[in-house]
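Asker: Here is a sequence together with a model predicted from it:
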Amino acid sequence: MAMDEEDGAPVLRMRGIGKRFPGVVALQEVDLALYPGQVTALVGENGAGKSTLVKILCGVYQPDSGEIELAGETVRLNSAEQAMQLGVSVIHQETVLFDELSVTENIFLGQQMRNRLGMLDWPTMKKRAVAILQDLEADIDPDAKLRDLGIAQKHLVAIARALSVDSRIVVMDEPTAALSWKEIEELYAIVEKLKSEGKAILFISHKFEEIIRIADNYTVFRDGVVAGSGQVADTTQDALIALMVGRKVDQIFPKQMVEIGETVLEVRGLSHPTEFADISFTVRRGEILGFYGLVGAGRSELMQALFGVTRFSTGEVVLDGAPVTLKSPSDAVKRGIVYVPEERQRQGAVLPLPIFQNITLPSLGRLSRNGLLELAQEFDLARQYAARLELKAASLSHPVNTLSGGNQQKVVIAKWLATEPRVIILDEPTKGIDVGSKAAVHGFMSELARQGLSVIMVSSEIPEILGMSDRIAVMREGRIVDTAPRQEADAESLIRMAIGATQEAGVDAA
Ligand SMILES: Nc1ncnc2c1ncn2[C@@H]1O[C@H](COP(=O)(O)OP(=O)(O)OP(=O)(O)O)[C@@H](O)[C@H]1O
Ligand SMILES: [Mg+2]
């Protein structure tokens, strides 16, 4: 088995893998090889089968057909523990961590270290946790409870967990989706380090710049089959996209020019004891206001306050010239303000109900007549929004958790759009959404603005911010440090303002 690794043979080979779910062929005759010291990018549209393959590779799902060879030996991966013992580490798309446990406990859960007396050896685990976190340059307290960490930090804990065991294969399912520019750079450094240690890496991403930058090989899935594979050096972004969607797509769908009307929402001097301070801005009819900043700059916390999830301590929110109280999300929805959160799974956005009910639930008040629910109408509404967001589902009656990650995101966006709000706040609207559907989401946002909605878009993606916003607000450490029309903004100045760099500091426009 050592011999294989020396002469460039793959450490993992999957052959003829097939997997069906009720009504869906998720994978069909899939082949994939991973090589030591190399990064293989796995790309494909939402629902193409990427996460399904990952779950087979880590023993969570059993394939219906095909075989898996690890270092030349045929293996069966019957459970996640077994896959881990065989050296497969996975950072999943929807990280399963425990809010009530500490960072150290999360890292070692299910793989605790014991001392010679067979007792749990917390001091050693904590030391090891500190070392791994230091390696990751993550400034995280090993004793902190997970619930007190931000989304990017949680993700780093998930990465630390995957690195805590000695693995030959590291799988990362959309690892940068939740991270901002700075953490993404750090993640790339981690990937380089893993490569230099001879680990084989499977890297799933919807971002082509990063695939071109860090991957050595690629495999493209289309509707559960391999549409192509090869070396990244021999291909281009456009060629990969063509393999993936079978048509040409524009990555950014620029905002249509629409007439911007009167001020709809005005925020005056909003402050929160810990998360943000002295926030003032306006959004007008037909306008898209972008919020750029690093993860942790307070953007999501501010938006949650506007949606009545958290309270602000001072300041006021004025809608159509009159101050409004926002004590709860239902207050906000009644006023026509809706918020599509970033952490969509967690924030109760996806309910264990059929897809169509997830979409229509907040709109039922509007749909029911004399207290009677019109089921056909409900289904129609769901179908309409599902189609506009290019939702890929076998049936809208299926439970929402049978959808792929990206398609669950679309359900949440559809759900809030269906309420026909006046102000919609979209937090990282295309996170986890494939390149084809991304254009659909951007096109839809543009259309909403044309219809007179006011859109607030939080995004950490510079092309999205620059392509979609009429004006851009930059937040840093809880404050708005700049607001400017799009014409006056460029990538470099946005990044500088977000990190608080001086003119001299060298910053690559990511
Ligand atoms: N547990 C399940 N039950 C039923 N269908 C499922 C299940 N898991 C996945 N599917 C279906 O299998 C197909 C592939 O899903 P998968 O999650 O692998 O896609 P993906 O490529 O990871 O997409 P994304 O980019 O959105 O994460 C989809 O049609 C999905 O709805
Ligand atoms: Mg997935």
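Answerer: Ah, there it is. Ligands and ions are numbered 1, 2, ... in the order given.

Asker: Grab the nearest non-local neighbour of the one residue in the chain that gets nearest to ligand 1.
Answerer: Taking Cβ to the nearest ligand atom, ligand 1 has its nearest neighbour within the chain at G406, 2.7 Å off. (Each C-beta comes from the backbone N, C-alpha and C, glycine too.) Nearest residue to G406, sequence neighbours excluded (Cβ to Cβ, 6 or more residues apart in numbering): N46, at 3.1 Å.

Asker: Which pLDDT value goes with the residue of the stretch 351-500 of the chain found nearest ligand 2?
Answerer: Residue nearest to ligand 2 within the stretch 351-500 of the chain (Cβ to the ion): G405, separated by 4.0 Å. pLDDT, G405: 82.

Asker: what separates the closest residue to E374 other than its chain neighbours from V455, distance-wise?
Answerer: Nearest residue to E374 in three dimensions, chain neighbours excluded: L367, at 6.2 Å (Cβ to Cβ, 6+ apart). In this view, L367 and V455 are 24 Å apart by Cβ to Cβ, to the nearest Å.

Asker: if we can go back for a sec, my guess is the residue nearest to E374 meets A376, correct?
Answerer: No. L367 lies out of contact with A376 (Cβ atoms under 8 Å); the separation is 10.4 Å.

Asker: Mind listing the residues bridging to V474?
Answerer: V474 forms beta bridges with Y292, D482, as assigned by DSSP bridges.

Asker: Could you give the number of residues near E137?
Answerer: 11 (other Cβ atoms under 10 Å).

Asker: now it, nearest residue through space, not along the chain?
Answerer: Closest residue in space to E137, ignoring its immediate chain neighbours: E186 at 5.8 Å, by Cβ to Cβ, 6+ apart.

Asker: Pull the contacting residues for the one you found.
Answerer: By Cβ atoms under 8 Å, 6 or more residues apart in numbering, the residues touching E186 are L136, E137, A138.

Asker: can you put the residues you listed in JSON lines and add distance to ligand 2 and pLDDT?
Answerer: Shown next, in JSON lines, are the contacts of E186 (distance: Cβ to the ion, whole Å; pLDDT from 0 to 100):
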{"residue": "L136", "distance to ligand 2": "23", "pLDDT": "80"}
{"residue": "E137", "distance to ligand 2": "27", "pLDDT": "79"}
{"residue": "A138", "distance to ligand 2": "24", "pLDDT": "82"}
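
Asker: Farthest from the middle of this structure: give me that residue.
Answerer: What lies farthest from the middle of the chain is L117; by Cα atoms, centre = their mean that is 42.7 Å.

Asker: Now name the helix or strand holding that one.
Answerer: Counting by DSSP states H and E, there is no helix or strand that carries L117.

Asker: so what's it up against?
Answerer: Not one residue lies near L117 by Cβ under 8 Å, 6+ apart.

Asker: hang on, the earlier thing: so between L367 and V455, which is more surrounded?
Answerer: V455 (24 against 16).

Asker: Report the beta-bridge partners for that one.
Answerer: For V455, the beta-bridge partners are I288, I424 (DSSP bridges).

Asker: my guess is it contacts A449, does it?
Answerer: Yes. Using Cβ under 8 Å, V455 and A449 qualify as a contacting pair, with a distance of 5.6 Å.

Asker: list the residues that contact both of these two?
Answerer: What both V455 and A449 touch, as defined by Cβ under 8 Å, 6+ apart, is the set E287, I288.

Asker: Write out the residues of the stretch 401-510 of the chain neighbouring ligand 1.
Answerer: Contacts of the stretch 401-510 of the chain with ligand 1, taken as Cβ under 6 Å from any ligand atom, map to T402, L403, S404, G405, G406, N407, D434.

Asker: Separate out the buried members of those residues.
Answerer: If you count burial by 16 or more other Cβ atoms under 10 Å, the buried members of those come out as T402, L403, S404, G405, G406, N407, D434.
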